[in-house]
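>>> This is a predicted model, with the sequence first.
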Amino acid sequence: MVVRNNKGQFAKGHGGKPKGAKNKITAQQKERVEFVLNLLEETLEEDMENMKPRERVELWASLQEFIRPKLQRMNVDISPPEDKITKITFEVIKGNQS
């Protein structure tokens, strides 16, 4: 029986799944994906050779997320502080002017 407090959290001593327990559906999906990958492995090299260059690049890009960490997006405030320069002006001068 699952016991929760008034905030909907697990009550002390009733923590839900044990640490490291796998989700049953996730395990089933992983098995299916591995099965399909094993079937495709035999023809993968030939299939890739028959791909258009754009398709190969798209495949490469989509596979990158599984082996390389994604870069975090950053928010940078580039507004100048009040006591700093607030305006910069550039003047374009054509060459060969005398």
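Okay, I see it.
>>> for the chain, what's the longest helix?
Using DSSP state H, we find that the single longest helix of the chain is helix 24-41.
>>> Can you tell me what sits against that helix?
Outside helix 24-41, the residues within contact range by C-beta atoms under 8 Å, 6 or more residues apart in numbering are Asp47. (C-beta placed from N, C-alpha, C; glycine too.)
>>> Show me how far it is from its chain's centre.
Helix 24-41 has its C-alpha centroid displaced from the chain centroid by 21 Å (C-alpha atoms, centre = their mean, to the nearest Å).
>>> cool, and stretch 37-46?
25 Å.
>>> related to what we said a few turns ago, immediately after the longest helix of the chain, which helix or strand?
helix 44-49 (DSSP states H and E).
>>> I'd like the next helix or strand past that next one.
Using DSSP H and E, the helix or strand that directly follows helix 44-49 along the chain is helix 53-64.
>>> any idea of the mean pLDDT for that following helix?
Regarding helix 53-64, the rounded mean pLDDT is 88.
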